[in-house]
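> Pasting the sequence and the predicted model now:
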Amino acid sequence: MSDPAILVLEDGRTFRGRAYGAVGETFGEAVFTTGMSGYQETLTDPSFHRQVVVQTSPHIGNSGINDDDQESRRVWVSGYVVRDPARIPSNWRSARSLDEELVAQGVVGISGIDTRALTRHLRDRGAMRVGVSSVESDADALLARVLASPGMEGADLAGEVTTPQPYVVPAIGEKRFTVAAVDLGIKASTPRYLAERGCEVHVLPAGTTAAEILAVGPDGVFFSNGPGDPATADGPVAAMRGVLGVKPVFGICFGNQILGRALGFGTYKLKFGHRGVNQPVQDRRTARIAITSHNHGFAVDAPTDAPATTEFGKVEVSHIDLNDGVVEGLRCLDIPAFSVQYHPEAAPGPHDAVDLFTTFTDLMAGGR
Amino acid sequence: MPKRTDISSVLVIGSGPIVIGQACEFDYSGTQALRVLREEGLRVSLVNSNPATIMTDPEFADATYVEPITPEYVEKIIAIERPDGLLATLGGQTALNTAVALHDRGVLERYGVELLGASIDAIHAGEDRQKFKGVCDAIGADYARSTLVRTVEEAVTVAGELGFPLVLRPSFTLGGGGSGFAHHEGELRTMIAAGLAASPVHEVLVEESVLGWKEFELEVMRDRNDNCVVVCSIENLDPMGVHTGDSITVAPAMTLTDREYQQMRDMAFAVIRQVGVETGGSNIQFAVDPATGRQVVIEMNPRVSRSSALASKATGFPIAKIATKLALGYTLDEIPNDITRETPASFEPSLDYVVVKIPRFAFEKFPGADTTLTTHMKSVGEVMALGRNFTEALQKATRSLEAKGAELDFASPAGEVEEWMPKAVRPHDRRLQAVVQAMRAGASVERLATETGIDPWFLDQLALLGEVAADLGAAATLDADALRAAKRHGFSDVQIAAIRGLTEDEVRALRYELGVRPVYKTVDTCAAEFAARTPYHYSSYDEEDEIGPGERPKVIILGSGPNRIGQGVEFDYSCVHACYALHDAGFETVMVNCNPETVSTDYDTSDRLYFEPLTCEDVLEVVEAERRSGREGGLGEDGGVVGVVVQLGGQTPLGLAQRLKDAGVPIVGTPPEAIHLAEERGAFGRVLAEAGLVSPKHGTARSYDEAAEIAHEIGYPVLVRPSYVLGGRGMEIVYDDATLLGYIDRATEVSPEHPVLVDRFLDDAIEVDVDALFDGEELFLGGVMEHIEEAGIHSGDSACALPPITLGRADIARIREATEGIARGVGVLGLLNVQFALAGDVLYVLEANPRASRTAPFVSKATAVPLAKAAARVMLGTTIAELREEGMLPFGDGADLPFDAAICVKEAVLPWNRFAGVDTVLGPEMKSTGEVMGVDSTFGTAFAKSQEAAYGALPTKGRVFVSVANRDKRHLIFPAKRLADLGFEVLATVGTAEVLRRNGVTATVVRKLSEGRGQDGEPTIVDRINAGDVDLIVNTPFGNSGPRLDGYEIRTAAVLRGIPCLTTVQALAAAVQGIEALRSGDIGVAPLQQHHAQITAARAGAAPARYGGPSEREGDSG
Ligand SMILES: Nc1ncnc2c1ncn2[C@@H]1O[C@H](COP(=O)(O)OP(=O)(O)O)[C@@H](O)[C@H]1O
Ligand SMILES: Nc1ncnc2c1ncn2[C@@H]1O[C@H](COP(=O)(O)OP(=O)(O)O)[C@@H](O)[C@H]1O
Ligand SMILES: [Mg+2]
Ligand SMILES: [Mg+2]
């Protein structure tokens, strides 16, 4: 059996379990995800940067790690909390075990704790800072370091996860459009879905300005998902304002919050966020429901009763989450721009919303 | 989209009797549906022939028709009820097939009835395997290649193309009836012949085998806005080749990557859309090649299924309830999730626990049955267990089975790998155990994976159990850590004791001392993302307990565990009634059960549901949890736990009574000591003597010689049975020394510890079943049932009539007196079931069961008295007099009914068609899986209805074949003559024909099978049966042992061709009355409510309305 490990939340609640993954100590924002499949995609989703992820699903690692399902170049979670890690991987595509992967990438984790109790605690008290350690056994000592660690509010993290250099993902089949995609923590599936629809995707670093974006000569501009507090993302917001009305725009997750801010809406932190693959989102025009993949701790504060008037014209809240009424999408009525708070690229999660990528290509086609 | 306004009345079709492949899960779904329809303010009518169901309780519908579920009868009901809509997707294959038949006959169109949920086209597209291939092609789904054949020769040609092994699957059969694997042409020919016969449309699909692939199921829902959700994914531990109903299954799926899972989900939605199920639930099965990930669609069921019941219990998402609302026009987002209350049903449940289902088999009841599991379902029930990990859930499930040797054994010395491997490789009811033993003997996960096809991840979890057991055995001292480590993986105190060489009680004492106790988690559909409002709990050795404080005094009701032969839905029925009655009486009702098919495990039934095994350990922990919750709620030291009800769940809870009491748990109702008085022969003998009653002469033998001595003393025939088993197990009627010796060698290992009971067998005795209530002072005679078959046929297998058809008032008075004497002598508080045999003028007591009986629901329906509810109240101290004042019980007895009260006939349903090669004769050992009720103003009509509901209509003309044992010949003459007079051609074997001729009944002689064909090829009787020119068969077994070849072949042929086959002359006599009734014209139908109104009116002294009223108005009175 592996070494003992402890998990201490900033409010002092402590769980004792066993070391999992790399041995060491780590800090971050404790968040839980309720997805029952797709731990590999979750681990490699840049939006989880600086977060300690609690898996509510008890058995994790059963299908190992393969080389096709990586959503980015590395594992981003700052810590990993599971109840019953797999002892052996079993899947025809598995290349190595999850445990090996976590060790190789130096991700500190803890296993064997009552993850449901922890989840209920976070649900009731809200997301908070946490420390996980397999080198420290004194809870108070660890608590002190937790309290000293930075929180998520006000954190500007896009710069830490974005690609250092621009790169191009070629269109699959005949090229129909050029898309400039601002990488605030983009997942590999996004350019893939665009490429499948004939888009040549120019992935650009988070700091790219509007001018630099337009210099690519794009038919449309995409703003990706990503970690951190949207309130700090002044750069991307400025870039967004520079392209709105000029080119068709599509944003996902963080990109939705950027659009929201660019239109003059505020953003706020949710108590414990939406993380999972079973969130019902309703398209308010068709009343159709999509079961969607979510990973957001912040949300846009926009009026849901009637379209709002902004300096970019009328804007409506296009989607809402049926669980809690949170704004899940924005649609500009006078310019070609829209965004969603959830993940049409799924990975992990249902494919119910992939058509949004076609909506984007249609917008670009219309823009010609 | 709001509810449709164009539907104001709906007819729901139930699933009829419990049979293998279609059990009480459809009572659960049907009951939910009725609740919803009533809540929505619709007029609801129901047809279901099964009286042992909650759904047929009169308060669940406006009109409850306990009538045969056949197109003919349902049409009569439609003619009376004129419903706007027909809901046939909640009654299993039976309801679906009936709906199709009604459509094909133009009935739905004629009466303007709309089929709700799935359209006829959708049903065909989903159920017809050929059409379904078209569906798959249309959406580009991969499937196993196959061809539909209608003759044996076609099949042989197809085999040439696809190669062996092949899967054969008849269209439109339940549980894979008539299906299986053909490995070579010989097998193919015989199996195809049977398959064509089994299929109502005489088609069999011959299919490429994907044996050994991983098998998955998705439970999908769709609303009229085309919103689709997956409620649950289920992975089979047993790979492809074992019917999902017979497989150990796990939820959620354990070994899929998100990419594979989403691909499956996309395919499932494509299927339900292409098939065209507008609203409701469907079940879609997939096979996945473990080597390449290739996914093929196996089948889809466009209706609520066994798996949807499991999925509902596994996730807390009530599929049937929601499906009904969707059928009424609501969309998923308009329906609240009643567990979280604040979120809608348009989501996909997320589990933070693991669910394991294990089927329960009954092969011991069918010697000669093939125990190999295949595509044709053989299990009779199932258990489900929840745990925070797979190992915990699996071990809880194995002990929930209550089957000897089911719990994994890590204590006995490990055996030889090569001895265990074949057992591990052959799919059968003890395969899991064999795999574990093979591992203990040294077989590697890799080897087991290749040879069994079980996924390595599951095998590794079993290996983990082995390691944990080893650590536990090796631990220097059994301290808290060692215990917790074992408990975390579901080891029971019994297993730990065995491994540590201690007793269960020692382990428990130590565990309590060290404070190693389980906590209770909540099933909340959302992995704790939202607060749960519904108290649906399971235990786990984890950290945080979630049981809220109790508010009212509590009564804990123990359920009956997995359905098995002898203990089925009837007992769940009584438990559910206790929940309702005690809740209404102001108690907090707490249900403990592990059977996912039942109404009792619906979180709506009790105030608190614990989905737990029914073992002493698990029940004691629930009691402790409830006491904790009560103390928190300020209900005092005992936590307000008034007591535990052990009387309603059959033998399972009854068997726990003494141990629970010894552990300081209050037992309400008949105390354990009294239970012992009734169950221990010597003690019971004294009770009878006290009451001046007699039981058949008997003795107890510890060897063959003793047995023979007793037999000679009391005289043959004798009834022999092992003393240590209940439910009629291993009982046989023995006619001579030779057979006695044979029995002793075969059936039991007699020894001083395991003696054999030898009873005088009462020939020609009328058996009478009695259900009564006793409050310590007064007896309430619930019902007196007269069996059709004479004593010697297990009460559970014989048909019976209420009110009794031949007993006089004097007999009933004697029976009442005797029952009261026993109740008093035993010290019953609550329900008592007594079986009497009336031989000549002597009333013998066969046995007394101080508990709810199998017949309680039937009696309640026949007499309009809620027996189980009343029993629950009596157990908690209310007197019969008080219940009469309340109006729950009528004045006088339930048994005394108005002279013109309708006759109710109960008929048992037997699973012969499931066990090829098993003889179909009835005996003292119970073999039936379910029952039906026929009700009408005369016995003949009621009996005819019961036969039609159970087996199919009795013939009204044609050929009857009779061949009976000598002792039956005298009784045969009258009914045979009557049949001849009615114009039947009578065929008979030589001996029988002679007797008939001498008595003026002309009978054509047919050759016995043993005589073979005549020189001019005159056919044997079996040939003629197979040729389909026999319409009714009467064949009573000769003696009771040895090869009764002819009879055996005849009865088997009858089962195969589905020809009514009567194995007792009493049944024949009843059938003749039935046939006469059928010929005398159209038979009417009437709702139970009317039957009850008539009885209550009569009881109130008012003028009773004649039975069959509304059908008369339709001009089709019986
Ligand atoms: N092509 C096949 N090869 C191997 N096993 C099969 C095949 N098709 C079905 N089976 C097995 O037979 C079982 C019953 O088949 P299914 O199509 O589900 O019929 P049913 O309607 O009785 O459920 C399945 O659960 C599966 O284990
Ligand atoms: N002495 C007997 N003579 C004739 N039939 C008997 C006798 N004893 C039992 N039987 C038959 O065997 C059946 C089962 O016996 P019973 O004592 O009721 O066992 P169980 O516990 O299985 O109900 C009875 O229903 C009855 O038909
Ligand atoms: Mg099936
Ligand atoms: Mg009995």
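That came through fine. Ligands and ions are numbered 1, 2, ... in the order given.
> what about chain B, any weak spots by pLDDT?
B:1, B:172-177, B:200, B:723-729, B:747-753, B:916-917, B:1038-1046, B:1102-1118 (pLDDT under 70).
> Quick check: residues of it near ligand 4?
Counting by CB under 5 Å from the ion, chain B comes close to ligand 4 at B:795, B:835. C-beta coordinates here come from the backbone N, C-alpha and C atoms, glycine included.
> Try it again at 8 Å.
Contacts of chain B with ligand 4, taken as CB under 8 Å from the ion, map to B:728, B:769, B:794-796, B:833, B:835, B:846-847, B:849.
> most neighbours, which of these?
residue B:769 (26 neighbours; other CB atoms under 10 Å in any protein chain shown).
> For the closest residue to ligand 4 within the stretch 351-500 of chain B, which residues are in contact?
When scored by CB to the ion, the stretch 351-500 of chain B has residue B:365 as its residue closest to ligand 4, at 15.1 Å. Neighbouring residues of residue B:365 by CB atoms under 8 Å, 6 or more residues apart in numbering or on different chains: B:565, B:729, B:925-927.
> same thing but at 10 Å, please
By CB atoms under 10 Å, 6 or more residues apart in numbering or on different chains, the contact list for residue B:365 reads B:380, B:564-566, B:727-730, B:911, B:915, B:918, B:925-929.
> Mind checking which of the residues you listed land in helices?
Nothing among those maps onto helices, per DSSP state H.
> from those residues, which is closest to ligand 2?
The shortest approach to ligand 2 among the contacts of residue B:365 belongs to residue B:728, at 2.9 Å (CB to the nearest ligand atom).
> tell me, what residue is most central in chain A?
residue A:47 (3.6 Å; CA atoms, centre = their mean).
> mind checking the SS state of that one?
Per DSSP: H, G, I helix; E, B strand; the rest coil, the secondary structure class of residue A:47 is helix.
> Tell me how far it lies from residue A:274.
Counting by CB to CB, to the nearest Å, the separation of residue A:47 from residue A:274 is 12 Å.
> Between the two, which contacts overlap?
With CB under 10 Å, 6+ apart, residue A:47 and residue A:274 have common neighbours A:295-297.
> Produce a ChimeraX select command limited to the buried residues of the residues you listed.
Buried subset of the shared contacts of residue A:47 and residue A:274, written as a ChimeraX selection, criterion 16 or more other CB atoms under 10 Å in any protein chain shown:
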select /A:295,296,297
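> In space, what's closest to residue A:251 - neighbours in sequence excluded?
Nearest residue to residue A:251 in three dimensions, chain neighbours excluded: residue A:339, at 3.3 Å (CB to CB, 6 or more residues apart in numbering or on different chains).
> err, residue B:1054, not the other one
Residue nearest to residue B:1054 in three dimensions, not counting chain neighbours: residue B:1061, with 3.8 Å by CB to CB, 6+ apart.
> residue ranges for the helices of the stretch 451-600 of chain B, please.
Listed in chain order, the helices of the stretch 451-600 of chain B (DSSP state H, counting those that start in this stretch) span B:456-474, B:480-487, B:493-500, B:504-514, B:569-584.
> For whichever strand in chain B runs longest, which residues meet the burial criterion?
Longest strand in chain B by number of residues (criterion: DSSP state E): strand B:779-790. Neighbour counts over strand B:779-790 (16+ other CB under 10 Å) mark B:779-790 as buried.
> which one of those is nearest residue A:234?
Checking these against residue A:234 by CB to CB gives residue B:782 as the nearest, at 80.7 Å.
> what about whatever helix or strand residue B:265 lives in and ligand 1, touching?
Taking DSSP states H and E as the definition, residue B:265 sits inside helix B:258-275. No - against ligand 1, helix B:258-275 shows no contacts by CB under 6 Å from any ligand atom, the least distance being 13.3 Å.
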